[in-house]
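A.B. asks: Any chance you could fold what I've pasted below:
(chains A and B)
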There are 2 protein chains.
Amino acid sequence: MSLSMYRLTVPVFQRGLGTMKTYLDKAEAFANEKRVDATTLVSARLAPDMAPLSGQYQRVTDTAKLAVARLTGIDAPRFEDNETTIAQLRERLAKTEAYLATITPEAMDGSGSREVTISPGGNKIVMRGDEYVATFALPNFYFHIATAHAILRNQGLPVGKMDYLGSFS
Amino acid sequence: MSLSMYRLTVPVFQRGLGTMKTYLDKAEAFANEKRVDATTLVSARLAPDMAPLSGQYQRVTDTAKLAVARLTGIDAPRFEDNETTIAQLRERLAKTEAYLATITPEAMDGSGSREVTISPGGNKIVMRGDEYVATFALPNFYFHIATAHAILRNQGLPVGKMDYLGSFS
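C.D. replies: Take a look at the predicted model:
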């Protein structure tokens, strides 16, 4: 009994990007209600030497598109990492979703044994696609969603665990 | 090409609990260096209505042991959720690790199609074991590790992404 490489990547990433959209909706509503500039939320961070909210959006979309590109060999869109507004973050999510929507389950065939090269902490590592998904792509993806959540909570936003998990139906 | 239910649970949880141990080592060293009481870190939180660091340890160990118990039918240890010190959090991690060490890959046989009942947000939901792992157990597990990371970063600790991901060798 197992889960396919497709199930563990594309639908997981689509669900997570949906969560990231929900956070933007809540950030925008919060900014309107509190009469603050939403761009202050986009640049908010948990520590001076940690990436701001925009950086979490950049990393979560990069993790999704790069994982799929590495596993399928299908080129992903490139982004400039210069977002400063909620509208720009929404656009980045939409472009990532558009790319993911082009990926079929068949495109993941054989990806579990495909060699993937990553450089965590600057050290080049080659690993099998299935181990890459389990030890790098999924942990990284969830890290940046949860960190976006943490930044927004730290800024006083009423986001909750159900926003993070997404709906079950 | 796919990943087994075992690969996606027990080794993933063992790796994540190792990360949570690293954070405790770093929190203890930080407290000693800054001459602050380590229990202030254990009770630190990102927002007044959010669980403190100890709560993240409680949830991450619960997510691991409950996922395995639900998928295998093998009873997990119960904890009282009353930890206030780093030593107590270490003990909770150790007990969870001891339980995970008893689980064989064979114990996960058939778990992907096993019915699992959860109550996210108070709504009872029944789902297959494989969907439970992909949409609930893994996201929840990583949420609480990343939130522990966020709390420690917010408190000024020098924890980094490589501490979170764990070593690759």
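A.B. asks: Residue ranges in chain A under the pLDDT threshold?
C.D. replies: A:1 (pLDDT under 70).
A.B. asks: Spatially central residue for it, please.
C.D. replies: The centre of chain A sits closest to residue A:60, judged by Cα atoms, centre = their mean, with a distance of 2.3 Å.
A.B. asks: quick check, residue A:167 in a strand?
C.D. replies: No - assigned with DSSP: H, G, I helix; E, B strand; the rest coil, residue A:167 falls outside any strand and is coil.
A.B. asks: that older thread, check contacts around the residue nearest to the centre of chain A.
C.D. replies: A:16-17, A:20, A:141, A:144-145, A:148 (Cβ atoms under 8 Å, 6 or more residues apart in numbering or on different chains). For the C-beta atoms, the positions are set from N, CA and C on the backbone; glycine is no exception.
A.B. asks: Give me the subset of those lying in helices.
C.D. replies: A:16-17, A:20, A:141, A:144-145, A:148 (DSSP state H).
A.B. asks: and those as TSV, adding neighbour count and distance to chain B?
C.D. replies: Shown next, in TSV, are the ones in helices among the contacts of residue A:60 (neighbours: other Cβ atoms under 10 Å in any protein chain shown; distance: Cβ to the nearest Cβ, whole Å):
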residue	neighbour count	distance to chain B
A:16	22	8
A:17	22	13
A:20	23	13
A:141	26	8
A:144	24	8
A:145	25	8
A:148	29	10
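A.B. asks: could you redo those residues as CSV and give each row distance to residue A:35?
C.D. replies: Compiled in CSV, these are given as follows (distance: Cβ to Cβ, whole Å):
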residue, distance to residue A:35
A:16, 31
A:17, 29
A:20, 24
A:141, 34
A:144, 29
A:145, 28
A:148, 23
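A.B. asks: so how far is stretch A:49-56 from its chain's centroid?
C.D. replies: 13 Å (Cα atoms, centre = their mean, to the nearest Å).
A.B. asks: Between the two ends of that stretch, how far is it?
C.D. replies: This stretch, stretch A:49-56, spans 13 Å end to end (Cα to Cα, to the nearest Å).
A.B. asks: if you look at that stretch, does any of it touch chain B?
C.D. replies: Yes - applying Cβ under 8 Å from any Cβ of the partner chain, one finds stretch A:49-56 in contact with chain B at residue A:50.
A.B. asks: Now for the residue lying closest to residue A:69 once chain neighbours are set aside, how many residues are close by?
C.D. replies: Spatially, and ignoring its direct neighbours in sequence, residue A:69 is nearest to residue A:76 (4.1 Å; Cβ to Cβ, 6 or more residues apart in numbering or on different chains). Using other Cβ atoms under 10 Å in any protein chain shown, residue A:76 has 21 neighbouring residues.
A.B. asks: Also residue A:121?
C.D. replies: Neighbours around residue A:121, by other Cβ under 10 Å: 13.
A.B. asks: for the host helix or strand of residue A:138, the distance to its chain's centre please.
C.D. replies: With elements taken from DSSP states H and E, the one containing residue A:138 is helix A:138-154. Helix A:138-154 sits 9 Å away from the centroid of its parent chain (Cα atoms, centre = their mean).
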